[in-house]
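> 3D model of this:
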Amino acid sequence: MWILGSVPGRRMHCWRGVRREVGSLLAPQLRRSFVGTPTRGRDSIRVLQWNLLSQALAEKADRFVCCPEAALNWYWRRWRILEDIVLYDPDILCLQEVDHYNFLSSTLGRIGYAGVFFPKPDSPCCYVKDNNGPDGCALFYDQEKFQLVMCEKRVLLSWGHRPVEGIPYGSCNGIFCRKVN
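Okay, here's the model as predicted:
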């Protein structure tokens, strides 16, 4: 927990909240070796990139048979994800396979992050029963260091493919992702 000394007040408060909620129930964190810099200056930028593993695929579709079931359960995973984000205190978060964007946006918003979500055009999550909507990429940034000037979302089509009708998803009975065939 050496990095906690650099965590700003509201993020430390969030970390303590996670610990109160599930602290004794979470397994100890793995120790990781990082190449560090002597100091984190005002002009430095820390970026955290993470494939979160979409919940629809983790629990329902891909069958991660070699992974303990508790490690795939969203209730526990979400706390560990938040704990790591707070501990590493990134300025920019680049997250993949996000299918709980509303939870992340709300929670990270309370500790100073803002973000945008880019759903996959043909998310495999849309085909999983009782899904949370499509998975996609989310970009969060520390509002004390950055402000959003412009946001463009583009779907990159593979050669020979064309967009067709939307795909219904989740309990919203809406159309969110675009199918590409």
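
> quick one: low-confidence ranges for this protein?
Within the chain, the ranges that satisfy pLDDT under 70 run 1-15, 17-19, 21-32, 34, 36-38, 60-65, 156-181.

> residues contacting the nearest residue to Gln49 once chain neighbours are set aside?
Once flanking residues are discounted, Gln49 sits nearest to Cys94: 4.5 Å by C-beta to C-beta, 6 or more residues apart in numbering. Where you see a C-beta, it was placed from the backbone N, CA and C, and this is true even at glycine. Contacts of Cys94 were listed using C-beta atoms under 8 Å, 6 or more residues apart in numbering, and they are 47-50, 137, 139.

> give me the beta-bridge partners of Cys94?
Beta-bridge partners recorded for Cys94 (DSSP bridges): Gln49, Leu139.

> how near is it to Trp76?
23 Å (C-beta to C-beta, to the nearest Å).

> One more: Tyr141?
From Tyr141 to Trp76 the distance is 27 Å (C-beta to C-beta).

> neighbour count winner among the two?
Neighbour totals were compared for Tyr141 and Trp76, and Tyr141 leads with 22 against 16 (other C-beta atoms under 10 Å).

> Quick check, Pro121 in contact with Cys137.
No: with contact defined as C-beta atoms under 8 Å, Pro121 does not count as touching Cys137 (11.7 Å).

> returning to that earlier point: closest one to Gln147 out of the contacts of Cys94, please.
In terms of C-beta to C-beta, no member of the contacts of Cys94 lies closer to Gln147 than Leu139, at 13.4 Å.

> what about that closest one, neighbour count?
Neighbours of Leu139 (other C-beta under 10 Å): 16.

> pretty sure it is touching Ile92, no?
Yes: here Leu139 reaches Ile92: they are 7.2 Å apart, a contact under C-beta under 8 Å.

> Phe118 is in what secondary structure piece?
Using DSSP states H and E, Phe118 falls within strand 113-119.

> what helices or strands is that strand leaning on?
strand 92-98, helix 101-109, strand 136-142 (3 or more C-beta pairs under 8 Å, 6 or more residues apart in numbering; DSSP states H and E).

> List of residues touching it?
Contacts for strand 113-119 (C-beta under 8 Å, 6+ apart): 93, 98, 101, 104-105, 108-109, 133-143, 148, 151, 153, 176-177.

> Quick check: ChimeraX command selecting the buried ones in those.
Typed into ChimeraX, the line below selects the buried ones among the contacts of strand 113-119, using 16 or more other C-beta atoms under 10 Å:
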select :93,98,101,104,105,108,133,134,135,136,137,138,139,140,141,142,176,177
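
> Pull the contacting residues for the closest residue to Lys145 other than its chain neighbours.
Of all residues not flanking Lys145 in the chain, Asp91 sits nearest, at 5.2 Å (C-beta to C-beta, 6+ apart). Residues near Asp91 by C-beta under 8 Å, 6+ apart: 45-47, 141-142, 145-146.

> Sounds good, over and out.
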